[in-house]
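Colleague: Take a look and give me a structure for this.
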Amino acid sequence: MTVTKTITIVGGTGYAGSAIAREAAKRGHRVTSVSRSVPAEPNPGISYVASSVEDAGASIAGADVVVGAFSPRGANKGALAKVYADLASKAVEAGARLVLVGGFSCLRRSEGAPRMLEAESFPADVPAEVVAEALENLDVLNNLLADESGVDWLFVSPAMEFSAWQPGEDLGRYRVGDEVALFDENGRSAISGIDFARAVLDEIEQPTRHRAQIGVAY
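Modeller: As a prediction, the model looks like this:
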């Protein structure tokens, strides 16, 4: 029997955050979505809070799980590490688990290899804004790896093909790896929003890893 949890999702109206929020509500959890604005068509199973990034941590009192799906784009550029450091501190105070949506390039190509973003083979033609966002995610991961507060964190890296522009299909399955990126038999790394959300919720309901990074793909 699944225990109902109180879940606060920071960035809960973005691509990853909204998928996680919907799946959590569908499973009967108490869900609060924190973002800069409330959606025009809110999900009836989700409570929405409009908040600035700086004040997002104030919304997690009483949460069992804090999910970070914040996107460091536009006006939020450069804020990810600070926002997540604050969430980690608030999670410790609340006794909550911290689950963060990370980036694909924070994974490794093989065991013991450098993280893709740090490898000499990292493609030089990747747009600068994409690299900047990836570097922010890597800063977050490195901060977690060096954490001494004892926060129960999980850094979840989606597959390479994962975005509103590559929504994928609802296949009802997924694979979970550790720090090494997962590819299918055709060399493709992809996951849909709904299947990624299922992976996150399955890990929230039945934790298998603590203070660790995982990757999710087909």
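
Colleague: Mind giving me the packing neighbours of the longest helix seen in the chain?
Modeller: With secondary structure taken from DSSP state H, the chain has its longest helix at helix 128-145. Counting contacts by 3 or more Cβ pairs under 8 Å, 6 or more residues apart in numbering; DSSP states H and E, helix 128-145 is packed against helix 80-94, strand 153-158. Using the backbone N, CA and C atoms, a C-beta is placed for each residue, glycine as well.

Colleague: list the helices and strands whichever helix or strand comes after the longest one packs on?
Modeller: Pointing back at helix 80-94 there. Next along the chain after helix 80-94, taking DSSP states H and E as the criterion, comes strand 97-101. Applying 3+ Cβ pairs under 8 Å, 6+ apart, we find strand 97-101 packed against helix 15-26, strand 65-68, helix 80-94, strand 153-158, helix 193-205.

Colleague: how about these, which one is nearest Val126?
Modeller: strand 153-158 (16.3 Å; Cβ to Cβ).

Colleague: Spatially central residue in the chain, please.
Modeller: The C-alpha lying nearest the average C-alpha coordinate of the chain belongs to Val101 (Cα atoms, centre = their mean; 1.2 Å).

Colleague: Tell me how many other residues crowd Val130.
Modeller: 11 (other Cβ atoms under 10 Å).

Colleague: show me the contacts for it.
Modeller: With Cβ atoms under 8 Å, 6 or more residues apart in numbering as the criterion, no residue contacts Val130.

Colleague: and if you look at the one 3 residues further on?
Modeller: For Glu133, the residues meeting the contact criterion (Cβ under 8 Å, 6+ apart) are 71-73, 103.

Colleague: for Asn143, same thing?
Modeller: 81, 84-85, 88.
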